[in-house]
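Novice: please work out how this folds:
(2 chains)
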Amino acid sequence: MIQCRDFRLSIKNELLFTCDLSFKKGFVYVIKGENGSGKTSFLRALKGLFKYEGQFAINGKMIYQPQHFHLFQKYAKDNFFSDMQRAERFVRYFAIEDLLDKSVNVLSGGERQKIALIRSVIQDYDILLLDEPCSQMDQKSMEMTHALLFELAQQENKCILLVSHQLDASLNQGIVLEIKDKQLISPSTSHSAYR
Amino acid sequence: MGEYYQIILTSFQVCLSSSLIASLFAIPFGLWLGFSQSKLAKRLRPLVSTLAGLPPVIAGVTIYLLLSNAGPLGSYRLLYTKTAIVIAQILIIFPLVSAAIYPLVLPIRNIFKETCLGLSLNRFTQFKLLVKELKTGLISAYLLGFGRAMAEVGAVMMVGGNIRYKTRVMTTAIVLETNQGNYEMALVLGLVLLALSMGLNYLVQVSLKEHRYDPVS
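Specialist: Residues are numbered from 1 along each chain as shown, chains lettered A, B, ... in the order given. The predicted structure follows:
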């Protein structure tokens, strides 16, 4: 799905980290690291919004949800213009039917994140990049979001990369990658995600 | 009575024409000015804002010189016609509407762009969404242009000639009738103009109130 080869990420000539990993369909990868280590920049670079060195190959269509996103005016449901039918499944999942006719300007942070997440997952994609998608959600919503992402990855064969500070138990099924010593490292290479 | 209606009708004809034509180009231009991060757009923004404050009489003189018999467009015989008034008003309205629009885009540009690129939306869809996003603001900008056209005197007088039953509009008629001491006509037209201006201003204020953007926290 995504193959990084000698991938190097820098800001103002200072190296953030290097990466020589591949990311496959059917898995959720959780990227963690300290503030300023380059997690967001990595996702932005994969989407072509940030400069990088080296190379990576992408096989498939990629959707990226930034940490700071925009919800289209005026109502929440106006954000599901690409596939309202598919959105209804996820609206029911989160039980947020009452939000659909609300103005996006009155939604809480967690509600906005749910709308943004649904907007992302209803798109046609093979790879999904999510930057802190649950940072303002309550515990239950966060767990539901993580469960949904694993379901999408496994049942719909998607490759999902997730940046999150909240390494909750609900992310245990995921593959946790860490930026350490200026390198994005994987867990044991015996994991099926790397075979 | 007939003359009153003629004057009001002429005013609406020229002001609607000029505001619609100017906005047809000014709105996409203003959106581009706000959305683009190019050096050209950065340099054009202050220039457009400056031109928005252009003294209308300058527009009048410019068009007059272009359309006069000695001017490059003299052969078209447009001077002292409604067309000449429309052209002068377009020159005044275009920078005004553009300058009213690009500040609406600037606060949301980066986040809007990144969201759209993240969703892999094509340019046409991005444009459609941006227009929908700023719908109320765009209408306000148009109303601003229309109101400006309605209130214009100097440039209209210069290029229109204030010809009775042909190019006489409310503002030029008020000036003429006041100078001649025909205060009744001046007053009636003045009240109509005032009612229109206040009505438009009210519409602009109401639509600006609706156009409230709250950035993501």
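
Novice: please make it C-alpha for all contacts and neighbour counts, starting now.
Specialist: OK.

Novice: span of stretch A:75-82 from start to end?
Specialist: End-to-end distance of stretch A:75-82 (C-alpha to C-alpha, to the nearest Å): 15 Å.

Novice: which outside residues touch it?
Specialist: Residues from elsewhere that reach stretch A:75-82, judged by C-alpha atoms under 8 Å, 6 or more residues apart in numbering or on different chains: A:71-73, A:87, A:99-104, A:115-116, A:118-119, A:122-123.

Novice: show me which of these is closest to chain B.
Specialist: residue A:73 (5.5 Å; C-alpha to the nearest C-alpha).

Novice: could you pull out the strands for chain B?
Specialist: Counting by DSSP state E, chain B has no strands to list.

Novice: low-scoring stretches of it, by residue?
Specialist: Within chain B, the ranges that satisfy pLDDT under 70 run B:1, B:208-217.

Novice: biggest helix in chain B, by residue count?
Specialist: Using DSSP state H, we find that the single longest helix of chain B is helix B:2-35.

Novice: how about chain B: which residue is closest to chain A?
Specialist: Here chain B gets closest to chain A at one residue, residue B:118, 4.3 Å apart by C-alpha to the nearest C-alpha.

Novice: for the longest helix of chain B, buried residues please.
Specialist: B:4, B:6-8, B:10-12, B:14-23, B:26-35 (16 or more other C-alpha atoms under 10 Å in any protein chain shown).

Novice: ok so, going back, let me see the contact set for the nearest residue to the residue of chain B closest to chain A once chain neighbours are set aside.
Specialist: Excluding the flanking residues, the one nearest residue B:118 by C-alpha to C-alpha, 6 or more residues apart in numbering or on different chains is residue A:64, at 4.3 Å. Residue A:64 makes contact with A:43, A:44, A:47, A:120, A:128, A:129, A:130, B:115, B:117, B:118, B:119 under the criterion C-alpha under 8 Å, 6+ apart.

Novice: in which helix or strand does residue A:64 reside?
Specialist: strand A:62-65 (DSSP states H and E).

Novice: just checking, next helix/strand downstream of that strand?
Specialist: Assigned by DSSP H and E, the successor of strand A:62-65 is helix A:84-94.

Novice: would you confirm that residue A:33 contacts residue A:181?
Specialist: No: in this structure residue A:33 lies outside contact range of residue A:181 using C-alpha atoms under 8 Å: 10.4 Å.

Novice: residue of chain A with the smallest distance to chain B?
Specialist: For chain A, C-alpha to the nearest C-alpha, closest residue to chain B: residue A:64, 4.3 Å.

Novice: beta-bridge partners for that residue, please?
Specialist: Legend: beta-bridge partners of residue A:64 under DSSP bridges are residue A:129.

Novice: thinking again about what came up before, check which helices and strands the longest helix of chain B sits against.
Specialist: helix B:39-52, helix B:82-105, helix B:135-151, helix B:170-180 (3 or more C-alpha pairs under 8 Å, 6 or more residues apart in numbering or on different chains; DSSP states H and E).

Novice: coming back round to it: can you tell me which of the contacts of residue A:64 end up in helices?
Specialist: Per DSSP H, the contacts of residue A:64 map to helices at A:43, A:44, A:120, B:115, B:117, B:118.

Novice: hmm, back to that, what about the residue of chain B closest to chain A, neighbour count?
Specialist: 23 (other C-alpha atoms under 10 Å in any protein chain shown).

Novice: skipping its backbone neighbours, what lies nearest residue B:91 in space?
Specialist: residue B:59 (6.4 Å).

Novice: let me see the contact set for the one you found.
Specialist: Residue B:59 neighbours (C-alpha under 8 Å, 6+ apart): B:88, B:89, B:91, B:92, B:155.
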